[in-house]
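Peer 1: Structure for the following, please:
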Amino acid sequence: MKPEDRRQAIMDILMETGSASVEDLAGRFVVSKMTVHRDLDDLEQAGLLRKVHGGASIQSSPQFESDFRYREKIAAEEKRRLAQHAATLIEPGQIIIIDDGSTAGGIAEYLKDIRPLTVITNNLGVINKLAAVAGIDVISLGGQYSKKFNGFFGITTEEALRSLRADTAFLSSSAIHGASAFHQDQEVVQTKRQMMKSAARAVLLVDHGKFGKSALHFLTGLEAFDMVLTGAEIEASVEQGLKEAGIKLQKISGKTAEETA
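Peer 2: As a prediction, the model looks like this:
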């Protein structure tokens, strides 16, 4: 097997399992542990995984965000609920922004019945889903493509956003600590901040598992959002803390949205 094929196979395994040991990978591919270490070093250098003691992981950490394909599998049903509810906040004729996040990106599935719309996005998945939909004008934000995030970032993306105005920006975040949102990647943070500046209001969609976690870069305080949507699974103590902080939180269950602040 060619090295590039083996490295792709390693990524496929990690997409399914989240982590794997060097010993297991060496056995699977019938190569030496040193060869596996070299593969993991190259994949880590590309930002696709992080090496841990005895192996590798694509699970998020304060300095590492998972590949978008892995993130799409986590809390999938809860994310679907959040996206579906977020779509009810949109009216025909509006201009909306959708970020690169797997949670906010899910809104694209529920827009066909709200046409006409204009959708501004740096999310390649959203672009592909909506490009051929009649009645939805897609403004694609250019920039440097990130395979890991399946989106576009950088100076070109930010300059495009500065020239645009929208009714609502729908954003996701990888970590919520206290009443603040964080993300591991500096360029992602800069793009999300500009999206918020370019919209009249901002809505955050975040599954309950993101609370109590932190990441390297501060994004913004949750008070900057007009609404924070999360699943009904959120812990009562976390909910209470956000309520005391005055955060406009809505818990989304299978049927209803409950506003707690």
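
Peer 1: what residue is smack in the middle of the protein?
Peer 2: Nearest to the geometric centre of the chain sits residue 101, at 2.4 Å (C-alpha atoms, centre = their mean).

Peer 1: Excluding chain neighbours, give the residue nearest to residue 225 in space.
Peer 2: residue 204 (4.5 Å; C-beta to C-beta, 6 or more residues apart in numbering). To be clear about C-beta, it is placed using only N, CA and C from the backbone, and glycine gets the same treatment.

Peer 1: what's downstream of the strand or helix carrying residue 8, the next helix or strand?
Peer 2: Using DSSP states H and E, residue 8 sits in helix 3-17. Next helix or strand after helix 3-17 toward the C-terminus (DSSP H and E): strand 19-21.

Peer 1: packing partners for that following strand?
Peer 2: Contacts defined by 3 or more C-beta pairs under 8 Å, 6 or more residues apart in numbering; DSSP states H and E place strand 19-21 against helix 3-17, strand 55-57.

Peer 1: Show me what the shortest one pairs with in its sheet, parallel or antiparallel.
Peer 2: It stands for strand 55-57. strand 19-21 (antiparallel), strand 50-52 (antiparallel) (DSSP bridges).

Peer 1: looking at the ones you listed, which is buried most?
Peer 2: Counting by mean count of other C-beta atoms under 10 Å, strand 19-21 has the highest mean neighbour count of the strands paired with strand 55-57, with a mean of 18.

Peer 1: one step back: so the residue nearest to the centre of the chain sits against residue 205, correct?
Peer 2: Yes: counting by C-beta atoms under 8 Å, residue 101 touches residue 205, with 7.4 Å between them.

Peer 1: Between those two, which contacts overlap?
Peer 2: 171, 172 (C-beta atoms under 8 Å, 6 or more residues apart in numbering).

Peer 1: quick one on the thing from earlier: quick one: which of the strands paired with strand 55-57 is nearest residue 235?
Peer 2: Set against residue 235 and scored by C-beta to C-beta, these come closest in strand 19-21, at 25.0 Å.

Peer 1: got the contact list for that closest one?
Peer 2: 10, 13, 14, 52, 54, 55, 56, 57, 58, 59.

Peer 1: just checking, next helix/strand downstream of that strand?
Peer 2: Following strand 19-21 in sequence, per DSSP H and E, is helix 22-29.

Peer 1: Taking helix 3-17 as reference, get the angle to that following helix.
Peer 2: Put simply, helix 22-29 runs at 120 degrees to helix 3-17, going by axes from the mean of the first three to the mean of the last three C-alpha atoms, to 10 degrees.

Peer 1: which other residues reach helix 22-29?
Peer 2: By C-beta under 8 Å, 6+ apart, helix 22-29 touches 1, 6, 9-10, 13, 32-33, 35-37, 39-40, 54-56.

Peer 1: Output the contacting helices and strands for the helix or strand just after that helix.
Peer 2: Following helix 22-29 in sequence order, the next helix or strand is helix 33-45 (DSSP H and E). For helix 33-45, the packing partners by 3+ C-beta pairs under 8 Å, 6+ apart come out as helix 3-17, helix 22-29, strand 50-52, strand 55-57.

Peer 1: Need the ones you listed in a markdown table (columns: distance to residue 200).
Peer 2: What follows is the helices and strands packed on helix 33-45, written out as a markdown table (distance: least, C-beta to C-beta, whole Å):
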| stretch | distance to residue 200 |
| --- | --- |
| helix 3-17 | 38 |
| helix 22-29 | 49 |
| strand 50-52 | 38 |
| strand 55-57 | 40 |
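
Peer 1: Cool, thanks, signing off.
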